[in-house]
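Trainee: Just to be clear, the model below is a prediction. Sequence and coordinates:
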Amino acid sequence: MESPKPEMLVSAARPKLPYPGLRPFEPEEWSIFFGRETMVDDVIKRLAAQRVVLIHGASGSGKSSLVRAGVMPRLARQHLRHGIKWATCAMRPSGGPLWNLAHEFARLEGREDNLDRVGHIIRMFNQHDATLSSVVSSLEGLQNKRLFILVDQFEELFRFERETSREEAELFVDLLIAEIADEEYDAPDVVTPIKSRKAGIHIAITMRSEFLGECARFSNFAEAINRTQYLVPRMRYNALLRAIQRPAELYGGEVTVELAERLIADVRGREDELPLIQHGLMLLWNAATNSSDQPVILDVKQFEHAGGLTRLLSDHADRVMASVSPPGGSSPAVERLFRALTDINAEGRAIRRPQSFRALLDTSEVQPDELRKIIDAFRADGVSLLTPYFPAPIEDKTVVDISHEALIRCWDRIADAQKGWLRREFQDGLIWRSLLNDAREFEIDRKHILSPAATTQRIKWFGERNSSWSERYGGGWEPVVKLLQASRRMAIRSTRFRRLLMTPVVLLAALPVLGFDWKMGTLAIVGGLFMGTLLILLIVDYSRQFIPSERVRTAIVWSAFAAAGGAYGAAGFSSASLSTREIFQLVFSLATIIVLIWMVMKIGSRLLERIPARWIPARLLRLFGAEPAISLRHRPSVVVSLDD
């Protein structure tokens, strides 16, 4: 995340808009940040007494905005009045907490592009008895300066610890605990002259309250948190009115009391109340300024016409998606992007899932330029649905995230309970885990394969996935490919055996068409062929485990078929009193029908495999033993076929 520049914290310049939208307030927007003055005072008092404060609250309670647009600008102005030098940095744990913090320290030195310097600072973190104070004391240009560090969205550390590195997460927590555990510091406020290097560092940590229990997973961290936590209180009614009405007044506009009360009533008690209000007001303000040059007055009529706060946000996201989609259609790339950026936690709650740009490319298989275009549209100024906000550059290591979970809960395309992207991704994850379990059973027992119907469904589904996506749900790409290959081979073999079984029936029905007169011997011949073939098919099907080669088993079937036909034919001829001409006619007819059936099945199978599967009924595919031509991607540049 981008750290605020010192001049932004004290600048009196107004932002371009009175309402920031879904994203948190930025430090330079302190002049439109109303209604939380008492909270700012409380946090600053705690920083003076403890130097480290953990600010936690529900999603949408305004934790980040409280620090970025409230605490940091207030401290900057206080330091300016007292003539004390001041520096700030802000970081998030996602993607690597030590790297992110080291990069911020290097930025304070003016060397953020020097990777060697960033690496050197990380090595300083790993030294014995290292603390943030000792590392900061060695930084160039920070002598006799106070330093304020914001660790935003601390809950990201717990995901990083589970998925990436427990060791790095523990070291990062130890660095914080070392600052919290300092009992020698006892300054009356945060702007007194610096008596020690430790007295010059203050840290604010923001975190969602439901992750408090996770803090106990780190040694001594729960005890430290108990001494430093601050629960963000619910905004009072009058404070909400100020937050809604005062920004518009600064810009010469007005939000009527009726609309302000309606907004509060609509979201009161919801976890997303503040982000939804700010985003709805931003959209209403933009619509009013675009339609008239007169002073803006927002009232209930405009709000009701828009459909409410949730509909305002959902429709806004739809418009952004339409701007990067083909005319009259939707963009599969947008769906893949947001499915990769959302998740459901163990409690069944929809949550954000930050991902690096490189990981998004691998998962979605979208071209880099196209994916950048989509991300830029959703992070543009006045949209701010994704982070990092424009114009921050997007590189391979850049972590892309949804700006607020209100988007996940309110955008119909994500949140719809029946066909939303979140539900579909969850169901796909269940399918993959089921396939992975079947693949593990298949490795133990080669008879454990999918049914022909399940094989057809899973192959179609599997063709739209890749190995990078599968890592999200346990990996195991190669074993699943082997399972589907074996299941497909068996499905094709079963279909071929069914065709063989149908041959005598077809012969029986076709003989009258060819002009052959029925006699008792003929019925005996065809009936014998049918019963003999059925018996042989059962035997050969059972012998599958002993005779692995399909060609050998097929040869056995046809040889047995011919032998059975000859035996039953001889018996039939001896009792049917057929003339030589009739015998020749019967043999020629049988041979012709067999060849025609074989040719139709062979050609039909090849043709059907070249037609898109959605155009062909599944039963027709199974009849001809065909499968749609599907490429299974192991990696974006590698194709894995289900054929042997």
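Mentor: Noted; the coordinates are in hand. Since the model is a prediction, treat every value here as computed from it, not as a measurement.
Trainee: which residues in the stretch 301-450 of the chain form helices?
Mentor: 309-323, 332-340, 357-364, 368-378, 406-410, 412-415, 421-444 (DSSP state H, counting those that start in this stretch).
Trainee: Let me know which of the ones you listed is the nearest to Val136.
Mentor: Between Val136 and the helices of the stretch 301-450 of the chain, the tightest spacing by CB to CB is seen for helix 357-364, at 30.3 Å. C-beta: built from backbone N, CA, C; applies to glycine.
Trainee: State the phi and psi torsions of His202.
Mentor: phi -130, psi 140 (degrees, to the nearest 10).
Trainee: Need the per-residue pLDDT for it.
Mentor: At His202, the pLDDT value in this model is 92.
Trainee: hang on, isn't it packed against Val151?
Mentor: No: contact between His202 and Val151 fails when scored by CB atoms under 8 Å: they sit 11.6 Å apart.
Trainee: Regarding Asp89, what is its secondary structure?
Mentor: For the record, residue 89 is Cys, not Asp. Secondary structure assignment for Cys89 (DSSP: H, G, I helix; E, B strand; the rest coil): strand.
Trainee: What about the closest residue to it other than its chain neighbours, how many residues nearby?
Mentor: In this structure, Cys89 finds its nearest non-sequential neighbour in Glu104, 3.9 Å apart by CB to CB, 6 or more residues apart in numbering. Neighbour count of Glu104, defined by other CB atoms under 10 Å: 20.
Trainee: can you check Glu210 too?
Mentor: Counted by other CB under 10 Å, the residues lying close to Glu210 total 15.
Trainee: So it versus Pro93, what's the distance?
Mentor: For Glu210, the distance to Pro93 (CB to CB, to the nearest Å) stands at 17 Å.
Trainee: Equivalent analysis for Gly307, please.
Mentor: 37 Å.
Trainee: go on, Ile84?
Mentor: According to CB to CB, Ile84 and Pro93 sit 29 Å apart.
Trainee: neighbour-wise, which of Gly307 and Pro93 wins?
Mentor: Higher neighbour count among Gly307 and Pro93: Pro93, with 25 against 11, using other CB under 10 Å.
Trainee: Need the nearest residue in space to the more buried one, chain neighbours excluded.
Mentor: In space, and not counting its chain neighbours, Pro93 is closest to Leu157: 4.0 Å by CB to CB, 6+ apart.
Trainee: how about the one you found, what does it touch?
Mentor: Taking CB atoms under 8 Å, 6 or more residues apart in numbering, we find Leu157 in contact with Pro93, Pro97, Ala169, Phe172, Val173.
Trainee: And the pLDDT at it?
Mentor: pLDDT for Leu157: 94.
Trainee: same question, Asp186
Mentor: pLDDT, read off for Asp186, is 43.
Trainee: domain parsing for this protein?
Mentor: Per automatic domain parsing, the structural domains of the chain span 6-231, 237-306, 313-415, 489-624.
Trainee: any chance of the ones you listed in CSV, with distance to Arg472 too?
Mentor: Formatted as CSV, the domains of the chain follow (distance: least, CB to CB, whole Å):
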stretch, distance to Arg472
domain 6-231, 10
domain 237-306, 26
domain 313-415, 8
domain 489-624, 26
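Trainee: Arg465: which of the ones you listed is closest?
Mentor: Smallest distance to Arg465 across the domains of the chain (CB to CB): 9.6 Å, for domain 313-415.
Trainee: in this protein, which ranges drop under the pLDDT threshold?
Mentor: Along the chain, the model assigns pLDDT under 70 to residues 1-12, 181-199, 328-329, 494-580, 582-591, 593-598, 600-602, 604-644.
Trainee: Centroid-nearest residue for it?
Mentor: Per CA atoms, centre = their mean, the C-alpha nearest to the average position across the chain is that of Ala340, at 1.8 Å.
Trainee: so what's that residue up against?
Mentor: Counting by CB under 8 Å, 6+ apart, Ala340 makes contact with Arg353, Gln355, Ala359, Leu360, Thr363, Ser364.
Trainee: Now Glu468. Nearest residue, chain neighbours left out?
Mentor: Actually, residue 468 is Ser rather than Glu. Using CB to CB, 6+ apart, the nearest residue to Ser468 is Asp362, at 3.8 Å.
Trainee: picking that back up, pull out the buried positions in whatever helix or strand the residue nearest to Cys89 lives in.
Mentor: Using DSSP states H and E, Glu104 falls within helix 97-108. Neighbour counts using 16 or more other CB atoms under 10 Å place Pro97, Leu98, Trp99, Asn100, Leu101, Ala102, His103, Glu104, Phe105, Ala106, Arg107, Leu108 of helix 97-108 among the buried residues.
Trainee: Name the nearest of those residues relative to Glu163.
Mentor: Distances from Glu163 to those, taken as CB to CB, are shortest for Pro97 (13.1 Å).
Trainee: pretty sure that closest one contacts Phe160?
Mentor: Yes: assessed by CB under 8 Å, Pro97 is found in contact with Phe160 at 6.8 Å.
Trainee: Identify the contacts common to the two.
Mentor: Shared contacts of Pro97 and Phe160 (CB under 8 Å, 6+ apart): Glu168, Ala169.
Trainee: Tell me if I am right that Arg246 is in a helix.
Mentor: Yes: counting by three-state DSSP, one finds Arg246 located in a helix.
Trainee: Can you report how many residues lie near it?
Mentor: Neighbours around Arg246, by other CB under 10 Å: 15.
Trainee: Touching, it and Arg36? I think so.
Mentor: No: the pair Arg246 / Arg36 is not scored as a contact, 11.8 Å apart, by CB under 8 Å.
Trainee: Tell me which stretches of the stretch 151-300 of the chain form strands.
Mentor: Along the stretch 151-300 of the chain, counting by DSSP state E, counting those that start in this stretch, strands occupy 201-208, 229-231, 254-255, 297-298.
Trainee: got those strands as JSON lines, with mean neighbour count and distance to Ile444 columns?
Mentor: Output for those, formatted as JSON lines (neighbours: other CB atoms under 10 Å; distance: least, CB to CB, whole Å):
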{"stretch": "strand 201-208", "mean neighbour count": "24", "distance to Ile444": "42"}
{"stretch": "strand 229-231", "mean neighbour count": "17", "distance to Ile444": "50"}
{"stretch": "strand 254-255", "mean neighbour count": "20", "distance to Ile444": "66"}
{"stretch": "strand 297-298", "mean neighbour count": "18", "distance to Ile444": "66"}
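Trainee: Rebuild these as JSON lines, extending it with distance to Pro18.
Mentor: What follows is the strands of the stretch 151-300 of the chain, written out as JSON lines (distance: least, CB to CB, whole Å):
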{"stretch": "strand 201-208", "distance to Pro18": "24"}
{"stretch": "strand 229-231", "distance to Pro18": "28"}
{"stretch": "strand 254-255", "distance to Pro18": "9"}
{"stretch": "strand 297-298", "distance to Pro18": "10"}
